[in-house]
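Visitor: Sequence and predicted model, in that order:
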Amino acid sequence: MMGQIITVTFRGAELYGFRRDDAVFVALKPIVQAMGLDWSAQFRRLKRDPILSEGIAVMATPFGPGGTQEATCLRLDLLHGWFFTIDTSRIPDDATRESVQAYQREAYDVLHSAFTGGARPVPLASPAEAREPVPQALAVAMVTEARRTFGTRASGRLWRHLGLPWVDGMGEPPAQGVLPLGGAR
């Protein structure tokens with residue numbers, strides 16, 4: 001069953017997705033093309049990722065040149081994960097790099113809002129609010145990956161958010177309380 005089709009105009013591109021009973025799926029090829037990237041390379045990236053590949057679905061679209069066509073889609077809740085597999089430091093063209101970074105920054109919120117009737121994404125709970133604490137080994141692995149992917153500033157914020165201990169040599173200790181991941185200091 002296809003469900004409801006929703007279209008969204010984002011940065012001049014017409015993006016679309018499908019709302020079904022079980023999840024929301026976003027068509028990826030229009031996003032990839034709007035960012036100026038190669039579709040086949042991005043599709044291979046999706047298929048080889050063990051988590052993202054679980055969220056791929058092929059949907060029939062009633063529009064397109066020649067009538068009904070199939071669209072490769074990704075579950076909305078995995079979209080940000082895919083965006084951040086794209087290493088913008090490896091994109092030589094400035095305009096394409098800036099376009100990808102704009103999508104990484106803004107597209108998830110725009111698409112999420114369109115598919116959820118304007119509801120904001122649920123914020124992450126602080127460690128004090130979490131039902132189950134994150135094991136320290138997993139938290140350190142998350143911080144390490146954040147440092148590699150997003151840089152030291154982001155990994156430091158994640159370190160504090162996860163409530164990991166602050167030790168000598170790490171610079172200034174954080175202000176009292178936990179910083180929200182999405183907000184500024």
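Guide: The structure has been received and is ready for your questions.
Visitor: From now on I want contacts and neighbour counts done on CA atoms only, so please keep to that.
Guide: Fine.
Visitor: Just the CA trace of the lengthiest helix in the chain, in CSV.
Guide: As assigned by DSSP state H, the longest helix anywhere in the chain is helix 136-150. The C-alpha coordinates for helix 136-150 follow below in CSV (Å, rounded to 0.1, in the frame of the first residue of the first chain):
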residue,chain,number,x,y,z
GLN,A,136,30.1,4.0,29.4
ALA,A,137,31.9,2.0,26.6
LEU,A,138,29.0,2.8,24.2
ALA,A,139,29.0,6.4,25.2
VAL,A,140,32.8,6.7,24.6
ALA,A,141,32.4,5.0,21.2
MET,A,142,29.6,7.5,20.3
VAL,A,143,31.8,10.4,21.3
THR,A,144,34.7,9.0,19.3
GLU,A,145,32.5,8.7,16.2
ALA,A,146,31.1,12.2,16.7
ARG,A,147,34.7,13.6,16.9
ARG,A,148,35.6,11.8,13.6
THR,A,149,32.4,12.9,11.9
PHE,A,150,31.6,16.3,13.3
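Visitor: How far does the helix or strand following it sit from its chain's centre?
Guide: Downstream of helix 136-150, the first helix or strand assigned by DSSP states H and E is helix 152-161. Put simply, helix 152-161 sits 18 Å off its chain's centre (CA atoms, centre = their mean, to the nearest Å).
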